Structures are given as structure tokens and as C-alpha cells.
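Q: with the sequence up front, the predicted model follows.
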2 protein chains.
Amino acid sequence: MSDEIKRVDTALQALISKAKTLMMSIPSETESLSEIGVSPFIQHEGHLYIYASHLSAHIRQLQGSTKAVFMIIADESKSQNIWARHRLKFQANVIEIMRDDPRFDVACDRIKDAHGPVMDLIRNFADFHLFEITPETGVFVSGFGAAFSVSGADFAVGAKLRSS
Amino acid sequence: MSDEIKRVDTALQALISKAKTLMMSIPSETESLSEIGVSPFIQHEGHLYIYASHLSAHIRQLQGSTKAVFMIIADESKSQNIWARHRLKFQANVIEIMRDDPRFDVACDRIKDAHGPVMDLIRNFADFHLFEITPETGVFVSGFGAAFSVSGADFAVGAKLRSS
């Protein structure tokens, strides 16, 4: 691993470990526009998990999808250069984890640990759903004109890219 | 205007005036997934403007679109409740402003004022494009379970909604 890739990997892992939420983009029902949304997430054993309500259009669309596009992005106030906010965009497989699946309670407990007691309130709300997100490929932007391919559930840093 | 709507309007205007960037979601070429991206923006005379490179897939898609979906969202570190980050999602008309249009230099000057000298570097890059964004309708989330419709280029706050 080159020194540059090591530096990029360190910045990427810092972004993921500090971030509390992810953005998602999903084709809409009408197909002429697409949906956007945000949700708290956790990382656990090679997957990401979100727990969100189908009252939001992007979550209804996610329920009917097997893949979606996500972004984890550093806060504006933590970004030295607003034109180059550190951000990780990736395509991932998505499945809904049902309430009778053993993974449901494990993930919900970890979401509560990470994101606080709101989880106690919403855990039994029937409009909320747990999704398991398995990253496939993506791009990490670590600076102005500095974009790198990433792959796999652990976001292994690959080649430097010309575009993002 | 009710006291609740006044409070919501104040929170919304604070979000927009502090935010430096917006997110966008745009159908992709393949249609099975969609694109996501982020860009610095300015607000000027009833429009938002962004200046971004077509080396990013979401910008290439934006060039072929007349409408898109955007989100302006408060930083995680400024959000008291991570489940309820203040966020404004909206659908907008989009047009590209060409370099020979008088609006091009006006908007680029204001982007430089707002976002610094990187603009001097990228202003003459042929892969960058200026887009004028005119908001139509949207939703402002100002708390957990608190979503309000907004309309028009000045994001006038309307009815409280059940979903976001």
C-alpha cells in the first residue's frame, strides 16, 4: 500500500467512524425525478444498518429496491475547503430485515447504543423498517481533485480517479 | 401567520442562510439507480446557483434535466437530535446558464464572494457549468415528527405534514 493510499484510507476510516448519518438517493415511482433522504446508521460486521419510517417516500422506494446509492459526508463546519468536503459515495445491496429475524434485535440494540433513546420510542412503531446495506463499489473524495475508487463492505481504497 | 409557523419559518431561514452546500438526487442514465452529489451554492434574487463539473455523473445528468430534487441539511454537529436534523428537501426547475449570458458573471462573482478563491481557479475550466435552480415545492423538517410543506422560491412555510 503506497503512502498516498495509506493517508487516504486513514481519512476514509475517520469519516466513517465519525459520521452518524448517511444520505441516500433512490429512483422515484414516477421515474422523472428521484428521491433523497437521510438516516442515522451503524456499521456492524461488514454491513451498514438504518432504521427508518415508510412515511418518507425514499423509504417506501427503498422497500421495493435491491440496490441503492448512498453518501456519507463530513460536516461543512469540519471541512477546510467547502469545495472538497470529504465524502464517500457508494452503491450497495439492500435488504429489509424483518422483526422476527435474529439480526433485528442485534441491530436495533446497536442503533440505540450509537444514537440514543429515541430508538426506545420508535422501536415498536410499525411504520419503521430495518434495512441491511452491503456496500459494493464507490468513490471517496479526499480533497479538491482527489477521488479514489473503493470496493467491498470495508471500503478498500483502490485507484485514483479523474472524476467523482 | 401562527406562532408555530413563525418559529418554523425562522428555523428554515436560519438553515438556508448558514448552509454552504446542497445535496442533489437525479435519475441515472441506467434508470435502475440514481445519482447523488453535493455542491456549494448561493441564493440570489429568487434562485439558487451552483457551479460544478461534468466529470461527476450527477452533473452530467443535471445537464440533461429540467427538474431535480435537492436537500439542504444542518451539520450533524449542529443537530441536537440526530434523528431530526433540520433539512429542507425541494423539487426545482433547473437550467444551465451559458458563459455568454450576463447572469454568468454575476453569479460567479457572488459564488466567489461566498465560497472563496477556489472560484478563481475553476472559473475558466471548461468542464464546469453554472446552473440556475428555481425551487417549486418542498418539505422542511424542523424536528422529530415535525414536517412542513414549503412552496415557491422563497420557501414559504405552509401546512404541517404527517410524512417527510
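A: Yep, that arrived.
Q: just checking, what packs against the longest helix belonging to chain A?
A: What stands out as the longest helix in chain A, according to DSSP state H, is helix A:3-18. Taking 3 or more Cβ pairs under 8 Å, 6 or more residues apart in numbering or on different chains; DSSP states H and E as the contact definition, the neighbouring helices and strands of helix A:3-18 are strand A:67-73, strand A:87-97, strand A:128-143, strand A:146-151, strand A:156-161. Just so you know, the C-beta spots here come from the backbone N, C-alpha and C atoms, and that holds for glycine as well.
Q: quick check: bridge partners of the residue nearest in space to the middle of chain A?
A: In chain A, the C-alpha nearest the mean C-alpha coordinate belongs to A:L22, at 4.3 Å (Cα atoms, centre = their mean). Counting by DSSP bridges, A:L22 forms beta bridges with A:S39.
Q: hmm, it is touching A:L48, no?
A: Yes. Proximity of A:L22 to A:L48 meets the contact threshold set by Cβ atoms under 8 Å, at 7.0 Å.
Q: any common contacting residues for these two?
A: Both A:L22 and A:L48 are contacted by A:41, A:70, under the criterion Cβ atoms under 8 Å, 6 or more residues apart in numbering or on different chains.
Q: low-scoring pLDDT stretches of chain A, where are they?
A: Scanning chain A for pLDDT under 70 picks out the ranges A:31, A:163-164.
Q: mind doing that once more with 80?
A: A:1, A:30-31, A:162-164 (pLDDT under 80).
Q: quick one on the thing from earlier: tell me which of the helices and strands packed on helix A:3-18 sits most buried.
A: Highest mean neighbour count of these: strand A:67-73, a mean of 22 (counted as mean count of other Cβ atoms under 10 Å in any protein chain shown).
Q: what lies in contact with it?
A: Under the contact criterion Cβ under 8 Å, 6+ apart, strand A:67-73 has outside partners A:15-16, A:19, A:21-26, A:41, A:48, A:62, A:85-94, A:133, A:135, B:23, B:32-36, B:38.
Q: pairing partners for it, with directions?
A: Counting by DSSP bridges, strand A:67-73 is paired with strand A:21-27 (antiparallel), strand A:87-97 (antiparallel).
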